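Q: any chance you can model this:
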Amino acid sequence: MIRLIMIPLMDKALEEPENILMLHHYCNKEEYVFHHAISIGLIGGYIAFKMKCNRADVYQAAIGGCLADCGMAKLPPRLLNKRESLTADDYKEIHAHPIFSYKMIKDSSIIKDSVRVAVLEHHGRLDGTGYPKRLKTKPMNLFSKIIAVADVFHAMTSERAYRKKQSPFKVLEMIFHDDFGKFDIAVVKTLLSSFANFSIGSRVKLNNGFIAEIIFIDAGSQTRPVVKVMDSGQIINLGINRELYIEEIL
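A: You can find the predicted model right below:
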């Protein structure tokens, strides 16, 4: 069933790839778990496509990404519907979901072994952090690296019950700089450059409330483009004006 859903969706998404990078606009806190699953799959498949994976592996990345959080179904509903910040005990329970996910799909004949492993370790990090902890000494395969980035990117750009969504530019900057060493740099750069390619001309809201248009993106500072304020025509280089950043893509 999942193959019948994800392969046509992936094909359609690759025909209009700019829509893949705007999936956070369609996600809402009430249906987050469903939207997140589909979005991880589509973003993961797109990254694999841009990294020159063959079509079969693009589909595998999409299916693996979609199933990465299926183990959430084994968690108490109170955790999925909680509106306040999660506690340390809550996180301890949630950290078990990759193991549940793996157990649910480990015998599936439609998923290759490396993708099953990716489902298990998509919350692992290259620096040995993340979970499950026992993965610390094991290198992550490409599917794991792709799904890890797709997962955190969509999660951080989406509205949640306990926090507002963040702009893709801000999230990518955090992943690229603040979380340096945790994620595969080639995967992050692939997503970053792809996002930049579709952003020229986009209207954005800055953190000071100004509405602006992206007019130029420097290859060396892709998360901080040059924008033109709509009302005044003022040109602002966000790479220089570090106190300003894109709060939302409109």
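
Q: going by C-alpha atoms from here, please, whenever you check contacts or count neighbours.
A: Noted.

Q: can you map out the helices along this protein?
A: In the chain, the helices defined using DSSP state H lie at 2-15, 32-50, 55-67, 77-80, 88-94, 97-105, 113-121, 142-157, 168-173, 185-197.

Q: got JSON lines for the ones you listed, with mean pLDDT and distance to E213 too?
A: Output for the helices of the chain, formatted as JSON lines (pLDDT from 0 to 100; distance: least, Cα to Cα, whole Å):
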{"stretch": "helix 2-15", "mean pLDDT": "92", "distance to E213": "25"}
{"stretch": "helix 32-50", "mean pLDDT": "95", "distance to E213": "25"}
{"stretch": "helix 55-67", "mean pLDDT": "97", "distance to E213": "32"}
{"stretch": "helix 77-80", "mean pLDDT": "83", "distance to E213": "36"}
{"stretch": "helix 88-94", "mean pLDDT": "91", "distance to E213": "39"}
{"stretch": "helix 97-105", "mean pLDDT": "96", "distance to E213": "40"}
{"stretch": "helix 113-121", "mean pLDDT": "95", "distance to E213": "38"}
{"stretch": "helix 142-157", "mean pLDDT": "96", "distance to E213": "20"}
{"stretch": "helix 168-173", "mean pLDDT": "91", "distance to E213": "14"}
{"stretch": "helix 185-197", "mean pLDDT": "91", "distance to E213": "13"}
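
Q: out of the ones you listed, which is closest to Q234?
A: helix 168-173 (20.4 Å; Cα to Cα).

Q: how far is that closest one from where the chain is centred?
A: Counting by Cα atoms, centre = their mean, to the nearest Å, helix 168-173 is centred 10 Å from the centre of its parent chain.

Q: residues contacting P132?
A: Counting by Cα atoms under 8 Å, 6 or more residues apart in numbering, P132 touches H95, A96, P98, I99, L120, E121, H123, G124.

Q: list the helices and strands the longest strand along the chain packs on?
A: Longest strand of the chain, by residue count under DSSP state E: strand 211-216. Under the contact criterion of 3 or more Cα pairs under 8 Å, 6 or more residues apart in numbering; DSSP states H and E, strand 211-216 touches strand 203-206, strand 226-229.

Q: which one of the ones you listed lies nearest to R163?
A: strand 203-206 (18.2 Å).

Q: hmm, who's touching the closest one?
A: Against strand 203-206 from outside (Cα under 8 Å, 6+ apart): I211, A212, E213, I214, L244, Y245, I246, E247, E248, I249, L250.

Q: which one among these gets closest to L23?
A: For the contacts of strand 203-206, the nearest to L23 is I249 (11.6 Å; Cα to Cα).

Q: what's the closest non-adjacent residue to that closest one?
A: Spatial nearest neighbour of I249, excluding adjacent residues (Cα to Cα, 6 or more residues apart in numbering): V204 at 4.4 Å.

Q: center of the protein, which residue is that?
A: The centroid of the chain falls nearest to F153 when counting by Cα atoms, centre = their mean (2.5 Å).

Q: just put the contacts of P132 in TSV and tack on distance to V171 and neighbour count.
A: Shown next, in TSV, are the contacts of P132 (distance: Cα to Cα, whole Å; neighbours: other Cα atoms under 10 Å):
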residue	distance to V171	neighbour count
H95	22	17
A96	25	17
P98	23	26
I99	27	18
L120	24	27
E121	21	28
H123	17	24
G124	18	26
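
Q: of those, closest to M22?
A: So of the contacts of P132, ranked by how close each gets to M22 (Cα to Cα), first place is H123, at 22.7 Å.

Q: next, the angle helix 185-197 makes with the longest strand of the chain.
A: Here strand 211-216 runs at an angle of 110 degrees relative to helix 185-197 (axes from the mean of the first three to the mean of the last three Cα atoms, to 10 degrees).
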